[in-house]
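> Pasted the sequence and its predicted model underneath.
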2 protein chains.
Amino acid sequence: MVQVIPEKFKVGLIQTSCAIDAAANLERTCEKIREAARQGAQVICTEELFRSQYFCREEDARLFDLAETIPGPSTERLQPLAAELGVVIVASLFEKRATGLYHNTAVVIDADGTLLGRYRKMHIPDDPLFFEKFYFTPGDLGFKAFDTKFGRIATLVCWDQWYPEAARLAALSGANVIFYPTAIGWHPAEKAQYGEAQHDAWRTMQRSHAIANGIFVAAVNRVGFEGPPDRGLEFWGASFVSDPFGRILAEASHDREEVLVVECDPAVMEDVRRNWPFLRDRRIDAYGPILNRFLT
Amino acid sequence: MVQVIPEKFKVGLIQTSCAIDAAANLERTCEKIREAARQGAQVICTEELFRSQYFCREEDARLFDLAETIPGPSTERLQPLAAELGVVIVASLFEKRATGLYHNTAVVIDADGTLLGRYRKMHIPDDPLFFEKFYFTPGDLGFKAFDTKFGRIATLVCWDQWYPEAARLAALSGANVIFYPTAIGWHPAEKAQYGEAQHDAWRTMQRSHAIANGIFVAAVNRVGFEGPPDRGLEFWGASFVSDPFGRILAEASHDREEVLVVECDPAVMEDVRRNWPFLRDRRIDAYGPILNRFLT
């Protein structure tokens, strides 16, 4: 045996409900990071924009006050925590880069507390009650992977999850797992008719990234109702981890806070990619037109 | 209302078991094409390499005798049939292009019997009992769509179904539906342990193409056991049609021949792509690295 397979690692997914108070949300998430670490999690990921309720439900310039610099208050709190617990933390933050320039950013903090880097959400949605284009400039750092103490990981954010190109690029960067901090939910008026299909499409899409790339996928979503009853959102939770074959290893509920701790074994990637060797046969000579908006 | 939505169209999927006799297989498929047309199908697709049993189970140079030119015997039989029935036929054929040069090809015959064109399978697998690299040169025509009497359609073939790039390019070409003639099955020795996950991964992957691209997907697989009991393959059938939201509209069984006739409404594409407008936000400025084999 020449080959050395990387060691198993345990991921932790923090699914919470957010209060109005940003300081309380930070403390709550820190508490749950401790809980995940106690259960053996080594790479722990928050839900998208965990410091606040999902403010993109409306367009209000005052809400830019929720943004922070990176490094800034959240990383100052999370870096020592990562070092204390000896865990990697992926945290989704509202980044103020300059006056009038903001991003939806995931930071990666290594297990010694080092700020390894950041990923800025590349695909920005804009739908009724998800007015993200008002707040976030699309990322300019490309698709990235990070070498952490517990292996190479990639981060994408929410709307990115609908783009196979993003998952492919994360996988080609050599990551073993893609984290998707997420804030997705139901419009109450649509839930009865479309709710199940929407959730199933979301889950299916991310499982497909795992399958197409032979990689672990961890989606971390918030849970709970936010906003006024008639114009609010019911975030659907259901955070999950898929193995490289698309099999769900663990999945949270739709209706309560949860900490999921799940072991990921790179030997499964080795096995899956040997037996269904999709990376071998990509037609990179013929994919050029994918860089076009449309072909007619 | 300025916009004109294309008319609804009905697809027909021909899921058969293949005998040793190539002539009998052709007649059987023609009969089932008639049956699909009687049920209202307008665009009818065969399973992959429907003229023979799946010969790629072994590497044997004599089996190149199964190949034919295009135009050739199969198109000469199918073109008048298409014209007679007034239906579009997508037929998967073993194409002899020149001595020593073969492709796994899907031809598209319009409803007036015209041979509209061909797609040559771009991604060629090679696994135990699926020794396709021995037989087929990878396609050199790129990813294609065809304007038929009943709308614009794209064809991909089997192994292509694992590649999001292929589905994306088919969708960017303006197709309303992607057909996947397929020959996928279980190794009897693996079925108990992996069979369900394999089938689920296959189904999930193709549903994800429908979702990511807001497009109809029709997968047409063969059914039945071929080969010796210890080294044969159990083709799993389960041909299906997914709508642009990933919802299965119809699905065949694992164990018998079936003709599926399913209505596809382009108004659903319009609705899905308006509400989940993924095509709007693709980061074509940042996908360039996808043209690399790997990024480390």
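That came through fine.
> Do you know the pLDDT at A:Met1?
pLDDT recorded at A:Met1 is 61.
> Please disregard the earlier target; I meant A:Val107.
pLDDT for A:Val107: 98.
> Surely it is in a strand?
Yes - if the criterion is DSSP: H, G, I helix; E, B strand; the rest coil, then A:Val107 is within a strand.
> Around the nearest residue to A:Leu101 once chain neighbours are set aside, how many other residues sit close by?
In this structure, A:Leu101 finds its nearest non-sequential neighbour in A:Thr137, 5.9 Å apart by Cβ to Cβ, 6 or more residues apart in numbering or on different chains. For every residue, glycine as well, the C-beta is placed using N, CA and C. Counted with other Cβ atoms under 10 Å in any protein chain shown, the neighbours of A:Thr137 add up to 17.
> What count of nearby residues applies to the closest residue to A:Val177 other than its chain neighbours?
Spatial nearest neighbour of A:Val177, excluding adjacent residues (Cβ to Cβ, 6+ apart): A:Phe216 at 4.0 Å. Residues near A:Phe216, counting by other Cβ under 10 Å, number 26.
> Those residues of the stretch 101-250 of chain A touching chain B, which are they?
For the stretch 101-250 of chain A, the residues in contact with chain B (Cβ under 8 Å from any Cβ of the partner chain) are A:122-125, A:127, A:138, A:142-143, A:159, A:162-169, A:172-174, A:197, A:200-201, A:204-205, A:207-209, A:211-212, A:245-247.
> can you do 7 Å?
Contact residues (Cβ under 7 Å from any Cβ of the partner chain) of the stretch 101-250 of chain A with chain B: A:122-125, A:138, A:142, A:162-165, A:168-169, A:172-174, A:197, A:200-201, A:204-205, A:207-208, A:211-212, A:245-247.
> Quick check on those residues: which are buried?
By neighbour count, with 16 or more other Cβ atoms under 10 Å in any protein chain shown, these hold A:122-125, A:138, A:142, A:162-165, A:168-169, A:172-174, A:201, A:204-205, A:207-208, A:211-212, A:245-247 as buried.
> Show me those that map onto helices.
If you go by DSSP state H, those have A:164-165, A:168-169, A:172, A:201, A:204-205, A:207-208, A:211-212 in helices.
> Can you get me a residue count around A:Lys10?
Around A:Lys10 there are 18 residues (other Cβ under 10 Å).
> wait, A:Lys191
Counted by other Cβ under 10 Å, the residues lying close to A:Lys191 total 15.
> what's the closest non-adjacent residue to it?
Of all residues not flanking A:Lys191 in the chain, A:Glu234 sits nearest, at 6.7 Å (Cβ to Cβ, 6+ apart).
> Tell me if I'm right that the one you found and A:Trp186 touch.
Yes - the pair A:Glu234 / A:Trp186 is scored as a contact, 4.6 Å apart, by Cβ atoms under 7 Å.
> one step back: so what's the residue nearest to A:Leu101 up against?
By Cβ atoms under 7 Å, 6 or more residues apart in numbering or on different chains, the contact list for A:Thr137 reads A:101-103.
> The same query, at a cut-off of 10 Å, please.
Applying Cβ atoms under 10 Å, 6 or more residues apart in numbering or on different chains to A:Thr137 gives the contacts A:95, A:97-98, A:100-104, A:120-121, A:124.
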